[in-house]
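Peer 1: no sequence for this one, just the structure:
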């Protein structure tokens, strides 16, 4: 016996996580407590997402892992290698070829299908946490659907900055009931959350799992006179020229030179390929 | 304890459990759509699907209630040997197995609490067959509408009115499974 159990976790742990995922799907947006395990990586590196992926993967899956949209960053590469080693699954960088996509802080630009599963890494699952530090209190607020404090926070944004300044982890209301943290995705990605794929959220340190079945209604909180805006940098990608993908600002020299490039590396390279073939 | 109790578990638990869980997750995430599930070979009284659900999700932490049609010595021994789940009465059960009529009234099961709505029962309902026809389903997991052969409408309507409390359903027949979480709105048209 010198091999890992399939997908690293023991079967008892997977059953516990699987039960939490099912209750999460049955109560969209509600945070299900689960007995998060120590993983062979530090908290903050996606231990929640990794546990959800481990409980979800089958030997036939093809896994893609992205970190801020990129397949080739340390976090994405090490999680991909982790599952290659422990679950022996196929891996890919191409969004449409993947059946399970684990993501840190982005939703891929390419629309996902109803055959795909998107697993989010979540640092702080409780959207009310920075407004109310007590867990028993926030739990009661969710039970009573008492979300006034969140609207006050957004209102204070407007009174201070003239607009809702929250630009990532922008709170959403799920099926008109639970206010949910979409994880720190840019608010540009919020409208994409009403999608065909199953979305699972795992917070390892905070020991919470939540979920959205396909086509679940997800509304970004706003005001009639200050409607929600899915904003991005007013540029186009320096590499592929795309106008409608989410952009990262990259500093390229020590004299203040900067460019904007797609944060989704797979989308950017496929756009570049299309341009190359057209020439 | 007869010999059969030791047989009929997953041949390869990590892989069979992973495939079975994918079917169950799809069933709950896409209410009313039928998925294939297998791997478990339970004794008389349980379908392949119900047996596979139990092997995938149940262990010593999840008390199970066996309703009359699923309650016999063989099933008890099989569940105890393969999962270690305690057999309990409906009020304490995390999972319950049996025919639809035996599940009535639904309020005999754990419904969750306002602060912990997840602490609610999942009912595994044995059916003659599952069909993609009959009642109209709407809600999370369904693009517009889906259709499914529900044994009743009123009980499911009352259950969904309790949201976020309530119970969730897995319908089993042969090696097929379909799900109905508490969020699904059911109607005749």
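Peer 2: Cool, the structure landed. Here the structure is a predicted model, which is why all the values come from computation and not from measurement. Numbering: from 1, shown residues only, chains lettered A, B, ... in the order given.

Peer 1: what packs against the longest helix along chain A?
Peer 2: Looking only at chain A and at elements set by DSSP state H, the helix with the highest residue count is helix A:11-26. Counting contacts by 3 or more CB pairs under 8 Å, 6 or more residues apart in numbering or on different chains; DSSP states H and E, helix A:11-26 packs against strand A:32-33, helix A:47-56, strand A:198-203, strand A:208-212, helix B:13-29, helix B:48-57, strand B:168-173. C-betas here are computed from N, CA, C, even on glycine.

Peer 1: pull the distance from it to the chain's centre.
Peer 2: On the basis of CA atoms, centre = their mean, to the nearest Å, helix A:11-26 is displaced by 19 Å from the centre of the chain it belongs to.

Peer 1: that older thread, redo the helices and strands packed on helix A:11-26 as CSV? Include mean neighbour count and distance to residue B:95.
Peer 2: Conversion of the helices and strands packed on helix A:11-26 to CSV gives the following (neighbours: other CB atoms under 10 Å in any protein chain shown; distance: least, CB to CB, whole Å):
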stretch, mean neighbour count, distance to residue B:95
strand A:32-33, 20, 16
helix A:47-56, 27, 18
strand A:198-203, 28, 21
strand A:208-212, 29, 19
helix B:13-29, 24, 12
helix B:48-57, 27, 7
strand B:168-173, 24, 9
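
Peer 1: how about residue A:249, what does it touch?
Peer 2: Residue A:249 makes contacts with A:233, A:258, A:259, A:260, as judged by CB atoms under 8 Å, 6 or more residues apart in numbering or on different chains.

Peer 1: same thing with residue B:86?
Peer 2: B:60, B:63, B:64.

Peer 1: what about the second one, how many residues nearby?
Peer 2: Burial of residue B:63 is recorded as 18 neighbouring residues (other CB atoms under 10 Å in any protein chain shown).

Peer 1: the first one now?
Peer 2: By the other CB under 10 Å criterion, the neighbourhood of residue B:60 contains 11 residues.

Peer 1: not counting sequence-adjacent ones, nearest residue to it?
Peer 2: The spatially closest residue to residue B:60, leaving aside those adjacent along the chain, is residue B:84, at 4.2 Å (CB to CB, 6 or more residues apart in numbering or on different chains).

Peer 1: just residue B:63 next, same as before
Peer 2: Beyond its immediate neighbours in the sequence, the residue positioned closest to residue B:63 (CB to CB, 6+ apart) is residue B:88, lying 4.1 Å away.

Peer 1: does that neighbour touch residue B:65 like I think?
Peer 2: Yes - using CB atoms under 8 Å, residue B:88 is in contact with residue B:65, at 5.9 Å.

Peer 1: quick one: the helices in chain B?
Peer 2: Under DSSP H, chain B gives helices at B:13-29, B:48-57, B:73-83, B:154-161.

Peer 1: packing partners for the shortest one?
Peer 2: In other words, helix B:154-161. Counting by 3+ CB pairs under 8 Å, 6+ apart, helix B:154-161 packs on strand B:185-187.

Peer 1: the strand it packs on - which strands sit beside it in the sheet, and in what orientation?
Peer 2: In its sheet, strand B:185-187 lies beside strand B:135-138 (antiparallel), with partners assigned from DSSP bridges.

Peer 1: circling back to that earlier point, pick the one among the contacts of residue B:86 closest to residue A:154.
Peer 2: For residue A:154, the nearest member of the contacts of residue B:86 is residue B:63. The distance, counting by CB to CB, is 43.5 Å.

Peer 1: was I right to think residue A:43 contacts residue A:203?
Peer 2: No - counting by CB under 8 Å, residue A:43 does not reach residue A:203; the two are 9.7 Å apart.

Peer 1: looking at the stretch 151-279 of chain A, what residue ends up closest to chain B?
Peer 2: Residue of the stretch 151-279 of chain A nearest chain B, by CB to the nearest CB: residue A:213 (3.5 Å).

Peer 1: got any ranges where the chain has weak pLDDT?
Peer 2: Here I'm looking at chain A. Along chain A, segments meeting pLDDT under 70 span A:1-2.

Peer 1: that's the other chain; I wanted chain B
Peer 2: Across chain B, residues meeting the criterion (pLDDT under 70) sit at B:1-3.

Peer 1: chain A contacts on that one?
Peer 2: Selection of chain B residues close to chain A by CB under 8 Å from any CB of the partner chain yields B:13-15, B:17-19, B:21-22, B:24-26, B:28-31, B:56-59, B:61-62, B:114-118, B:120, B:122, B:139-143, B:163-164, B:168, B:181-183.

Peer 1: brilliant, that's me finished.
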